[in-house]
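Q: Sequence and predicted model, in that order:
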Amino acid sequence: MKSLAHSLMVLALASALVGAVHAQEGLEPYSPETVQDLQTMMDGYTQRGTPPGLVVWVDGPGQQFAGASGYSNLSAQTPMPPNALFRIASVSKVFTATLILQLAEDKALSLDDTLADWLPDLAAGIANGETITIRQMLSHTSGIYDFTQSIEYGDALLATMTIEGDLAHVPCGIQPLEAITRYVVGQDAQFVPGARFEYSNTNFELLGLIIEATTGDSYVDVLHERILDPLDMTHTYLDCYEDPIDGLVHGYTSYEGQTLDLSDLHESAAPASIGLNSNAPDLVTFARALFTGQLFAGPATLDMMITPVMGDYGLGVAIMDGTYGHFGFTGGFSGMMQYVPETDTVIVVLLNGDNESAMTIYNQVLSVMRDEWSSG
(Lines give C-alpha, C1' and ligand atoms only; values in the text may rest on other atoms or scores of the structure.)
Protein backbone atom coordinates (compact mmCIF):
# COMPACT_ATOMS: atom_id res chain seq x y z
CA MET A 1 0.00 0.00 0.00
CA LYS A 2 1.29 3.45 -0.87
CA SER A 3 1.69 5.96 1.96
CA LEU A 4 -0.34 9.17 2.14
CA ALA A 5 2.90 11.14 1.80
CA HIS A 6 3.75 9.29 -1.40
CA SER A 7 0.29 9.91 -2.86
CA LEU A 8 0.49 13.61 -2.02
CA MET A 9 3.93 13.80 -3.66
CA VAL A 10 2.57 12.33 -6.90
CA LEU A 11 -0.39 14.72 -6.91
CA ALA A 12 1.89 17.69 -6.27
CA LEU A 13 4.19 16.66 -9.10
CA ALA A 14 1.30 16.32 -11.54
CA SER A 15 -0.08 19.70 -10.51
CA ALA A 16 3.30 21.41 -10.84
CA LEU A 17 3.81 20.03 -14.33
CA VAL A 18 0.46 21.00 -15.84
CA GLY A 19 1.79 24.32 -17.14
CA ALA A 20 5.12 22.86 -18.22
CA VAL A 21 3.55 20.11 -20.32
CA HIS A 22 1.86 22.56 -22.66
CA ALA A 23 4.35 25.43 -22.39
CA GLN A 24 5.90 24.64 -25.76
CA GLU A 25 2.76 24.70 -27.91
CA GLY A 26 2.18 27.29 -30.64
CA LEU A 27 5.83 28.19 -31.18
CA GLU A 28 7.32 30.23 -34.00
CA PRO A 29 9.62 28.66 -36.61
CA TYR A 30 13.33 29.32 -36.71
CA SER A 31 14.78 31.51 -39.46
CA PRO A 32 14.00 30.46 -43.07
CA GLU A 33 17.71 29.74 -43.62
CA THR A 34 17.88 27.40 -40.63
CA VAL A 35 14.67 25.62 -41.59
CA GLN A 36 15.98 25.14 -45.14
CA ASP A 37 19.36 23.91 -43.93
CA LEU A 38 17.77 21.36 -41.59
CA GLN A 39 15.29 20.09 -44.18
CA THR A 40 17.94 19.87 -46.91
CA MET A 41 20.21 17.90 -44.59
CA MET A 42 17.38 15.49 -43.70
CA ASP A 43 16.31 15.01 -47.31
CA GLY A 44 19.89 14.29 -48.31
CA TYR A 45 19.90 11.23 -46.06
CA THR A 46 16.47 9.88 -46.94
CA GLN A 47 16.82 10.41 -50.69
CA ARG A 48 19.66 7.90 -50.66
CA GLY A 49 17.75 5.63 -48.29
CA THR A 50 20.06 5.93 -45.29
CA PRO A 51 17.79 5.92 -43.38
CA PRO A 52 14.43 5.39 -45.15
CA GLY A 53 12.81 7.96 -42.85
CA LEU A 54 13.89 10.62 -40.41
CA VAL A 55 12.35 12.94 -37.82
CA VAL A 56 14.11 15.95 -36.28
CA TRP A 57 12.64 18.22 -33.62
CA VAL A 58 14.35 21.32 -32.25
CA ASP A 59 12.42 22.90 -29.38
CA GLY A 60 13.69 26.14 -27.85
CA PRO A 61 12.28 29.17 -26.06
CA GLY A 62 9.49 30.47 -28.28
CA GLN A 63 10.63 28.55 -31.36
CA GLN A 64 10.36 25.08 -32.79
CA PHE A 65 11.36 23.02 -35.81
CA ALA A 66 9.30 19.83 -36.28
CA GLY A 67 10.70 18.19 -39.39
CA ALA A 68 10.24 14.88 -41.16
CA SER A 69 11.63 13.31 -44.31
CA GLY A 70 11.36 10.03 -46.19
CA TYR A 71 9.04 7.15 -45.46
CA SER A 72 7.58 5.48 -42.39
CA ASN A 73 6.71 2.41 -44.48
CA LEU A 74 8.84 1.61 -47.53
CA SER A 75 6.53 -0.92 -49.15
CA ALA A 76 3.52 1.41 -48.93
CA GLN A 77 5.63 4.54 -49.60
CA THR A 78 3.94 6.24 -46.63
CA PRO A 79 5.43 9.68 -45.94
CA MET A 80 7.05 10.07 -42.53
CA PRO A 81 4.97 12.29 -40.19
CA PRO A 82 6.77 14.50 -37.62
CA ASN A 83 4.92 12.86 -34.71
CA ALA A 84 5.62 9.24 -35.72
CA LEU A 85 6.31 6.58 -33.09
CA PHE A 86 9.76 4.95 -32.96
CA ARG A 87 11.59 2.44 -30.84
CA ILE A 88 13.87 4.67 -28.77
CA ALA A 89 16.13 1.86 -27.53
CA SER A 90 18.69 3.09 -24.96
CA VAL A 91 17.09 6.50 -24.59
CA SER A 92 14.89 4.40 -22.27
CA LYS A 93 17.75 4.35 -19.76
CA VAL A 94 17.19 8.01 -18.91
CA PHE A 95 13.66 7.15 -17.74
CA THR A 96 14.91 4.30 -15.53
CA ALA A 97 17.66 6.50 -14.07
CA THR A 98 15.10 9.21 -13.31
CA LEU A 99 12.92 6.73 -11.41
CA ILE A 100 15.87 5.50 -9.36
CA LEU A 101 16.91 9.04 -8.46
CA GLN A 102 13.34 9.95 -7.50
CA LEU A 103 13.25 6.92 -5.19
CA ALA A 104 16.57 8.02 -3.71
CA GLU A 105 15.10 11.47 -3.04
CA ASP A 106 12.17 9.73 -1.30
CA LYS A 107 14.75 7.79 0.77
CA ALA A 108 13.18 4.56 -0.42
CA LEU A 109 16.69 3.50 -1.42
CA SER A 110 20.24 4.87 -1.43
CA LEU A 111 22.60 5.05 -4.39
CA ASP A 112 25.17 3.41 -2.13
CA ASP A 113 22.92 0.39 -1.54
CA THR A 114 24.37 -2.78 -2.99
CA LEU A 115 22.82 -5.19 -5.44
CA ALA A 116 22.67 -7.68 -2.57
CA ASP A 117 20.63 -5.27 -0.46
CA TRP A 118 17.72 -5.41 -2.92
CA LEU A 119 18.17 -8.56 -5.01
CA PRO A 120 20.06 -10.95 -2.70
CA ASP A 121 19.21 -14.14 -4.59
CA LEU A 122 20.44 -12.74 -7.90
CA ALA A 123 23.43 -11.02 -6.30
CA ALA A 124 24.62 -14.33 -4.88
CA GLY A 125 25.23 -15.57 -8.43
CA ILE A 126 26.63 -12.35 -9.94
CA ALA A 127 30.34 -11.62 -9.58
CA ASN A 128 30.86 -8.88 -6.95
CA GLY A 129 27.12 -8.79 -6.28
CA GLU A 130 27.76 -8.12 -2.58
CA THR A 131 29.64 -4.88 -3.28
CA ILE A 132 28.28 -3.46 -6.56
CA THR A 133 26.23 -0.34 -5.82
CA ILE A 134 23.21 1.23 -7.46
CA ARG A 135 25.42 4.21 -8.32
CA GLN A 136 27.83 1.94 -10.18
CA MET A 137 25.00 0.35 -12.15
CA LEU A 138 23.64 3.78 -13.09
CA SER A 139 27.07 4.86 -14.34
CA HIS A 140 28.03 1.59 -16.09
CA THR A 141 31.02 1.14 -13.78
CA SER A 142 29.77 -2.10 -12.17
CA GLY A 143 31.65 -4.64 -14.31
CA ILE A 144 28.47 -6.71 -14.79
CA TYR A 145 28.33 -8.77 -17.99
CA ASP A 146 25.95 -7.46 -20.70
CA PHE A 147 23.66 -10.35 -21.60
CA THR A 148 22.18 -8.54 -24.64
CA GLN A 149 25.60 -8.76 -26.33
CA SER A 150 26.01 -12.49 -25.74
CA ILE A 151 25.93 -15.01 -28.56
CA GLU A 152 23.57 -17.19 -26.54
CA TYR A 153 21.00 -14.42 -26.13
CA GLY A 154 21.22 -13.53 -29.81
CA ASP A 155 20.77 -17.16 -30.80
CA ALA A 156 17.72 -17.41 -28.54
CA LEU A 157 16.11 -14.45 -30.31
CA LEU A 158 16.94 -15.85 -33.74
CA ALA A 159 15.44 -19.20 -32.76
CA THR A 160 12.06 -17.53 -32.27
CA MET A 161 12.24 -15.38 -35.41
CA THR A 162 10.00 -15.99 -38.39
CA ILE A 163 10.17 -14.05 -41.66
CA GLU A 164 7.23 -13.41 -43.97
CA GLY A 165 8.21 -11.45 -47.05
CA ASP A 166 10.34 -8.62 -45.68
CA LEU A 167 8.77 -8.63 -42.19
CA ALA A 168 10.68 -10.32 -39.37
CA HIS A 169 8.68 -11.35 -36.31
CA VAL A 170 10.16 -12.05 -32.86
CA PRO A 171 7.46 -12.46 -30.19
CA CYS A 172 7.54 -11.14 -26.64
CA GLY A 173 8.90 -13.90 -24.43
CA ILE A 174 11.68 -14.07 -21.85
CA GLN A 175 11.56 -11.47 -19.07
CA PRO A 176 14.45 -9.72 -17.31
CA LEU A 177 14.75 -11.93 -14.23
CA GLU A 178 14.88 -15.08 -16.35
CA ALA A 179 17.31 -13.52 -18.83
CA ILE A 180 19.70 -12.40 -16.09
CA THR A 181 19.49 -15.79 -14.40
CA ARG A 182 20.14 -17.57 -17.68
CA TYR A 183 22.83 -15.36 -19.22
CA VAL A 184 24.52 -13.37 -16.40
CA VAL A 185 24.58 -15.55 -13.28
CA GLY A 186 27.87 -17.42 -13.20
CA GLN A 187 29.66 -15.08 -15.64
CA ASP A 188 32.99 -13.59 -14.65
CA ALA A 189 33.13 -9.88 -13.77
CA GLN A 190 34.28 -7.69 -16.64
CA PHE A 191 36.41 -5.67 -14.17
CA VAL A 192 36.58 -4.64 -10.51
CA PRO A 193 33.54 -2.45 -9.71
CA GLY A 194 34.38 1.23 -10.10
CA ALA A 195 37.58 0.58 -12.05
CA ARG A 196 36.31 1.68 -15.46
CA PHE A 197 33.31 2.41 -17.66
CA GLU A 198 31.81 -0.38 -19.74
CA TYR A 199 28.30 -0.09 -21.13
CA SER A 200 25.99 -2.93 -20.05
CA ASN A 201 22.23 -3.21 -20.53
CA THR A 202 22.21 -5.68 -17.63
CA ASN A 203 22.88 -2.77 -15.25
CA PHE A 204 19.57 -1.16 -16.14
CA GLU A 205 17.58 -4.39 -16.12
CA LEU A 206 18.81 -4.92 -12.56
CA LEU A 207 17.79 -1.34 -11.77
CA GLY A 208 14.34 -2.08 -13.18
CA LEU A 209 14.05 -5.06 -10.83
CA ILE A 210 15.23 -2.88 -7.92
CA ILE A 211 12.49 -0.34 -8.75
CA GLU A 212 9.96 -3.17 -8.49
CA ALA A 213 11.48 -4.48 -5.24
CA THR A 214 11.51 -0.98 -3.73
CA THR A 215 7.97 0.02 -4.66
CA GLY A 216 6.16 -3.31 -4.73
CA ASP A 217 4.75 -2.31 -8.13
CA SER A 218 5.64 -3.30 -11.68
CA TYR A 219 8.21 -1.23 -13.54
CA VAL A 220 5.63 -0.09 -16.09
CA ASP A 221 3.20 1.03 -13.37
CA VAL A 222 5.90 3.07 -11.61
CA LEU A 223 6.94 4.57 -14.94
CA HIS A 224 3.39 5.74 -15.61
CA GLU A 225 2.78 6.98 -12.09
CA ARG A 226 5.96 9.02 -11.77
CA ILE A 227 6.72 10.19 -15.33
CA LEU A 228 4.38 9.34 -18.18
CA ASP A 229 1.04 10.25 -16.63
CA PRO A 230 2.11 13.47 -14.83
CA LEU A 231 3.72 14.67 -18.07
CA ASP A 232 0.73 13.59 -20.19
CA MET A 233 3.04 11.52 -22.39
CA THR A 234 0.24 9.70 -24.20
CA HIS A 235 2.41 8.46 -27.07
CA THR A 236 4.98 6.58 -25.01
CA TYR A 237 4.60 2.94 -23.99
CA LEU A 238 6.66 -0.02 -22.81
CA ASP A 239 6.85 -2.65 -25.52
CA CYS A 240 5.58 -6.10 -24.48
CA TYR A 241 4.35 -4.84 -21.09
CA GLU A 242 1.31 -2.77 -22.07
CA ASP A 243 -1.05 -2.36 -24.98
CA PRO A 244 0.78 -0.87 -27.98
CA ILE A 245 -0.13 2.53 -29.36
CA ASP A 246 -0.93 2.66 -33.07
CA GLY A 247 1.53 4.35 -35.37
CA LEU A 248 4.90 2.64 -34.81
CA VAL A 249 6.93 3.20 -37.96
CA HIS A 250 8.54 0.34 -39.83
CA GLY A 251 12.24 -0.01 -38.99
CA TYR A 252 14.69 -1.49 -41.47
CA THR A 253 17.97 -3.40 -41.50
CA SER A 254 20.05 -5.38 -43.98
CA TYR A 255 20.09 -9.13 -43.32
CA GLU A 256 21.62 -11.80 -45.54
CA GLY A 257 21.40 -9.60 -48.61
CA GLN A 258 17.84 -8.35 -48.15
CA THR A 259 16.16 -5.41 -46.44
CA LEU A 260 14.20 -6.63 -43.45
CA ASP A 261 11.44 -4.81 -41.59
CA LEU A 262 12.11 -5.22 -37.84
CA SER A 263 9.09 -3.32 -36.53
CA ASP A 264 7.67 -6.60 -35.18
CA LEU A 265 10.84 -7.60 -33.31
CA HIS A 266 10.31 -7.55 -29.53
CA GLU A 267 13.01 -7.81 -26.82
CA SER A 268 10.95 -8.38 -23.71
CA ALA A 269 14.11 -9.29 -21.76
CA ALA A 270 15.25 -5.66 -21.66
CA PRO A 271 12.37 -3.25 -20.86
CA ALA A 272 14.23 -0.95 -18.45
CA SER A 273 17.23 -0.50 -20.73
CA ILE A 274 15.85 -0.46 -24.30
CA GLY A 275 12.11 -1.14 -24.09
CA LEU A 276 10.30 2.16 -24.68
CA ASN A 277 8.56 3.30 -27.84
CA SER A 278 7.83 7.02 -28.15
CA ASN A 279 7.63 10.01 -30.46
CA ALA A 280 9.48 13.31 -30.72
CA PRO A 281 6.84 15.49 -28.99
CA ASP A 282 6.77 13.21 -25.95
CA LEU A 283 10.57 13.09 -25.79
CA VAL A 284 10.75 16.88 -26.00
CA THR A 285 8.29 17.08 -23.10
CA PHE A 286 10.28 14.59 -21.03
CA ALA A 287 13.70 16.10 -21.71
CA ARG A 288 12.51 19.63 -20.95
CA ALA A 289 10.89 18.58 -17.68
CA LEU A 290 13.88 16.48 -16.62
CA PHE A 291 16.75 18.78 -17.49
CA THR A 292 15.09 21.89 -16.11
CA GLY A 293 14.71 20.11 -12.77
CA GLN A 294 10.95 19.61 -12.73
CA LEU A 295 11.10 15.86 -12.07
CA PHE A 296 13.17 16.11 -8.91
CA ALA A 297 12.50 17.62 -5.52
CA GLY A 298 15.74 19.59 -5.46
CA PRO A 299 18.50 20.76 -7.84
CA ALA A 300 21.19 18.61 -6.23
CA THR A 301 19.69 15.46 -7.74
CA LEU A 302 19.81 16.77 -11.29
CA ASP A 303 23.34 18.09 -10.71
CA MET A 304 24.40 14.61 -9.60
CA MET A 305 22.72 13.00 -12.63
CA ILE A 306 24.51 15.21 -15.18
CA THR A 307 27.93 15.18 -13.51
CA PRO A 308 30.31 12.77 -15.28
CA VAL A 309 31.24 9.77 -13.17
CA MET A 310 33.72 8.36 -15.63
CA GLY A 311 34.42 9.68 -19.11
CA ASP A 312 31.39 11.44 -20.53
CA TYR A 313 28.70 9.48 -18.66
CA GLY A 314 26.84 10.53 -15.53
CA LEU A 315 23.98 8.62 -13.86
CA GLY A 316 22.01 7.28 -16.82
CA VAL A 317 22.88 10.34 -18.91
CA ALA A 318 25.52 10.98 -21.58
CA ILE A 319 27.27 14.35 -21.50
CA MET A 320 28.28 15.52 -24.97
CA ASP A 321 29.86 18.91 -25.65
CA GLY A 322 27.91 20.52 -22.82
CA THR A 323 24.60 18.82 -23.67
CA TYR A 324 22.74 16.10 -21.76
CA GLY A 325 20.71 13.12 -22.93
CA HIS A 326 21.20 9.71 -24.50
CA PHE A 327 21.77 7.86 -27.75
CA GLY A 328 19.73 4.78 -28.70
CA PHE A 329 20.32 2.02 -31.22
CA THR A 330 18.53 -1.26 -31.88
CA GLY A 331 17.66 -3.35 -34.91
CA GLY A 332 15.94 -1.09 -37.45
CA PHE A 333 16.05 2.07 -35.34
CA SER A 334 18.37 4.77 -34.02
CA GLY A 335 17.56 7.81 -31.90
CA MET A 336 18.99 10.72 -29.93
CA MET A 337 17.52 12.99 -27.26
CA GLN A 338 19.68 15.87 -25.99
CA TYR A 339 19.13 19.02 -23.97
CA VAL A 340 21.26 22.08 -24.75
CA PRO A 341 21.36 24.15 -21.53
CA GLU A 342 23.06 27.19 -23.09
CA THR A 343 19.89 27.92 -25.10
CA ASP A 344 17.27 25.89 -23.16
CA THR A 345 16.73 23.76 -26.27
CA VAL A 346 15.76 20.10 -26.75
CA ILE A 347 16.91 18.27 -29.89
CA VAL A 348 15.38 14.91 -30.83
CA VAL A 349 16.51 12.84 -33.82
CA LEU A 350 14.73 9.58 -34.74
CA LEU A 351 15.59 7.20 -37.61
CA ASN A 352 13.79 4.09 -38.90
CA GLY A 353 16.94 2.43 -40.19
CA ASP A 354 20.12 1.15 -38.54
CA ASN A 355 22.47 1.89 -41.43
CA GLU A 356 23.05 5.42 -40.17
CA SER A 357 23.61 6.80 -36.67
CA ALA A 358 21.28 9.31 -35.06
CA MET A 359 24.35 10.71 -33.30
CA THR A 360 25.90 11.72 -36.62
CA ILE A 361 22.72 13.52 -37.67
CA TYR A 362 22.31 15.09 -34.22
CA ASN A 363 25.79 16.60 -34.46
CA GLN A 364 24.87 18.13 -37.81
CA VAL A 365 21.62 19.51 -36.39
CA LEU A 366 23.49 20.99 -33.43
CA SER A 367 25.99 22.62 -35.79
CA VAL A 368 23.18 24.23 -37.81
CA MET A 369 21.48 25.44 -34.64
CA ARG A 370 24.66 26.91 -33.20
CA ASP A 371 25.00 28.95 -36.40
CA GLU A 372 21.45 30.18 -35.83
CA TRP A 373 22.11 31.03 -32.18
CA SER A 374 25.39 32.83 -32.91
CA SER A 375 23.76 34.93 -35.64
CA GLY A 376 20.86 35.87 -33.39
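A: Perfect, I can see it now. Numbers count the residues shown, from 1 in each chain.
Q: buried residues in stretch 365-376?
A: For stretch 365-376, the neighbour count (16 or more other CB atoms under 10 Å) marks 365, 366, 368, 369, 372 as buried. In this view, the C-beta of every residue, glycine as well, is placed from N, C-alpha and C.
Q: Is it possible to get a markdown table of these that adds secondary structure, pLDDT and distance to residue 176?
A: Below are these laid out as a markdown table (DSSP: H, G, I helix; E, B strand; the rest coil; pLDDT from 0 to 100; distance: CB to CB, whole Å):
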| residue | secondary structure | pLDDT | distance to residue 176 |
| --- | --- | --- | --- |
| 365 | helix | 98 | 34 |
| 366 | helix | 97 | 34 |
| 368 | helix | 98 | 39 |
| 369 | helix | 98 | 38 |
| 372 | helix | 95 | 43 |
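Q: Please identify which of the residues you listed is nearest to residue 156.
A: Using CB to CB, the shortest approach to residue 156 within the buried residues of stretch 365-376 belongs to residue 365, at 37.0 Å.
Q: who's in contact with that closest one?
A: 38, 41, 56, 58, 347, 349 (CB atoms under 8 Å, 6 or more residues apart in numbering).
Q: Turn the buried residues of stretch 365-376 into TSV, including distance to residue 110.
A: Listed next are those as TSV, based on distance: CB to CB, whole Å:
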residue	distance to residue 110
365	38
366	36
368	43
369	39
372	43
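Q: on that earlier part again, if you rank the contacts of residue 365 by neighbours, which is first?
A: Of all these, residue 349 has the most neighbours under the rule other CB atoms under 10 Å, reaching 29 neighbours.
Q: Please, which helix or strand holds that one?
A: Per DSSP states H and E, residue 349 falls inside strand 345-351.
Q: roughly how far is that strand from the heart of the chain?
A: From the chain centre to the centre of strand 345-351 is a distance of 12 Å (CA atoms, centre = their mean, to the nearest Å).
Q: Please enumerate the strands of the stretch 151-300 of the chain.
A: 162-164, 167-170, 237-238, 252-255, 258-265, 276-279 (DSSP state E, counting those that start in this stretch).
Q: Pick the most deeply packed of those.
A: Most buried of the strands of the stretch 151-300 of the chain, by mean neighbour count (mean count of other CB atoms under 10 Å): strand 276-279, with a mean of 26.
Q: now for that strand, which elements pack on it?
A: In terms of contacts (3 or more CB pairs under 8 Å, 6 or more residues apart in numbering; DSSP states H and E), strand 276-279 is packed against strand 85-87, strand 237-238.
Q: Reformat the ones you listed as TSV; add distance to residue 227 and mean pLDDT.
A: Conversion of the helices and strands packed on strand 276-279 to TSV gives the following (distance: least, CB to CB, whole Å; pLDDT from 0 to 100):
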stretch	distance to residue 227	mean pLDDT
strand 85-87	17	98
strand 237-238	11	98
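Q: okay, those strands in TSV with distance to residue 155 next?
A: Shown next, in TSV, are the helices and strands packed on strand 276-279 (distance: least, CB to CB, whole Å):
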stretch	distance to residue 155
strand 85-87	22
strand 237-238	25
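Q: Out of those, the one nearest residue 122 is which?
A: With respect to residue 122, and counting by CB to CB, the nearest of the helices and strands packed on strand 276-279 is strand 237-238 at 21.3 Å.
Q: Packing partners of that closest one?
A: The contact analysis (3+ CB pairs under 8 Å, 6+ apart) places strand 237-238 against helix 219-223, strand 276-279.
Q: Report the strands that pair with that strand, each with its relative direction.
A: strand 276-279 (antiparallel) (DSSP bridges).
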